[in-house]
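Enquirer: After the sequence you'll find the predicted model.
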Amino acid sequence: MAPMASMAPQAPSTHPVAFLARRAAMALAAVAVLGTATAPAAFAGPAAAPSASPEKLPKGLYGTKDPQYDGVWRQSLALLAQDTAGVRPAASGVDWLVGQQCADGSFTAFRAEPKRPCDAKTMRDTNQTAAAVQALAALGGHGETVKKAVSWLKSVQNDDGGWSSMAGSASDANSTSVVIGALTAAGEKPESVTSKKGGKTPYDALLTFQLGCAAKEGERGAFTFQLKGAAPNADATAAAATGALGKGFVVAPAGNGADIPVKPLTCKDGKPAKSSDAVSAAAGGAAYLIAQLDRNGQHLLSAMPGQEKQPDVGNTADAVVALAAGSHGAAAQKPLKWLEKNAAGWAKENGPAAYAQLVLAAHATGTDPRSFGGSDLVAALNATGPKPAGTAAPAAEDHKDGGGVNVWWVVGVALAFGAGIGFLLSGRKKKNAL
């Protein structure tokens, strides 16, 4: 998931610190959970983000670790995953996220003093902003907040049509992909969002990151994080294969049996056999991911400097979403099964964003996140933050309203009958128009 939010260790040093911190932590957790080699001390800082005492945590925040680098990101994913699973998040959790927005519409990773105006020193971040847009657009009722955030994202679009994490830096595949997801969630058409200079679209930028016929045969179709280095990056490929289809963190279930044949990038006389577009680029990325998954036992790998490659749980979850986004349902089932067997300890170690990634992977494949390899991901996610306002299914932390039925749904039905309306109200809220 892109920040979905996801940087692989082999990517260039230009990665934003939020990505580095999150990916280092997740890689270390994988080491601990899967019983592999010890991680290097050089990554102990971000990975060992201190846990804050409950009284020092902001009200409504998900997770107990220092939110300095990923507060908005993990909050957004948690809220989005809850909404996807039919859970009505606590108002305090939503309010915290809304309160993190700067006056210009942008978000940074964490503002300890949200009442203090953002200034030139505030590290505005397109990834955090795009994640917040996806969450708040899904929840509804925050049209102005979403509109301001989208306007800011448009204002920092690069000439090539893409985005970097920090405005003004070179575009990268992950940031461009997560912004595409935000634009779609906000009701925009990404192909109509063009750069002021050159009129380039986000899809124009994404295509420049894909390795073509000049690359080695096993690398063709993969995406790089940035143009510099041009090394295949599974994390960037998963993000771009989703973004190229105009989709974000939430992907409609592909179904366990649904499967569109993957069409890998083919070359003839050193040139692509057909002209590339965003859809075919996504297919090429999916083919690369499937090849990597098949080679490694249905999971992707992450390599920390000086260490052997380790299973990368987060990237594998992102790959599942990417494959489901392309309707490669059967291919997505294989890594999904691996996650069901191996991801519980990783998620427990990493907290709300990790649980959210798994919930979203389950949703994309039509799998019940409340019965995921013997784990209730929804209950575990709920437990990392404020008690939900309501939920559509039983969970350990539900309100005392009869074992998990959304109390607002019950009230709504009663009111409907009282008014003589001859139909039942949906338990799911309608999304407010922006």
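Expert: Happy to help now that I have it.
Enquirer: what about the helices in the stretch 1-150 of the chain?
Expert: 17-34, 44-47, 71-84, 91-99, 126-139, 143-155 (DSSP state H, counting those that start in this stretch).
Enquirer: Would you single out the least confident of the ones you listed?
Expert: Among those, helix 44-47 carries the lowest mean pLDDT, at a mean of 34.
Enquirer: Check the offset of stretch 226-235 from the chain's centre.
Expert: From the chain centre to the centre of stretch 226-235 is a distance of 19 Å (Cα atoms, centre = their mean, to the nearest Å).
Enquirer: How about stretch 92-112?
Expert: Centroid displacement of stretch 92-112 relative to its chain, using Cα atoms, centre = their mean, is 18 Å.
Enquirer: gap between the two ends of that stretch?
Expert: Using Cα to Cα, to the nearest Å, the span of stretch 92-112 from its first residue to its last is 16 Å.
Enquirer: Can you point out the buried residues in that stretch?
Expert: By neighbour count on 16 or more other Cβ atoms under 10 Å, the buried set for stretch 92-112 is 93-94, 96-98, 100-102, 105-111. Yep, even glycine has a C-beta here, placed from its N, CA and C like the rest.
Enquirer: residue ranges with poor pLDDT in the protein?
Expert: Residue ranges of the chain with pLDDT under 70: 1-55, 229, 254-258, 270, 273-275, 303-305, 392-434.
Enquirer: all strands of it, in order?
Expert: All strands of the chain, identified by DSSP state E, fall at 87-88, 267-268, 271-272, 300-303, 309-312, 390-391.
Enquirer: The first one: partners in the sheet, and parallel or antiparallel?
Expert: The sheet places strand 87-88 alongside strand 390-391 (antiparallel), with pairing taken from DSSP bridges.
Enquirer: Include distance to residue 378 when you put the strands of the chain into CSV, please.
Expert: Formatted as CSV, those follow (distance: least, Cβ to Cβ, whole Å):
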stretch, distance to residue 378
strand 87-88, 6
strand 267-268, 45
strand 271-272, 43
strand 300-303, 25
strand 309-312, 24
strand 390-391, 8
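Enquirer: among those strands, which is nearest residue 335?
Expert: Evaluated over these, closeness to residue 335 peaks at strand 300-303, with 8.0 Å, by Cβ to Cβ.
Enquirer: Run through the neighbouring helices and strands of the closest one.
Expert: Counting contacts by 3 or more Cβ pairs under 8 Å, 6 or more residues apart in numbering; DSSP states H and E, strand 300-303 packs against helix 17-34, helix 234-243, helix 278-296, strand 309-312, helix 313-325.
Enquirer: buried residues in the third one?
Expert: Translated: helix 278-296. Of all the residues in helix 278-296, those buried under the rule 16+ other Cβ under 10 Å are 278, 280-293, 296.
Enquirer: Which of those sits closest to residue 78?
Expert: Taking those together and measuring to residue 78 by Cβ to Cβ, the closest member is residue 289, at 25.4 Å.
Enquirer: Okay, that closest one and residue 345: tell me how far apart.
Expert: Residue 289 sits 24 Å away from residue 345, taking Cβ to Cβ, to the nearest Å as the criterion.
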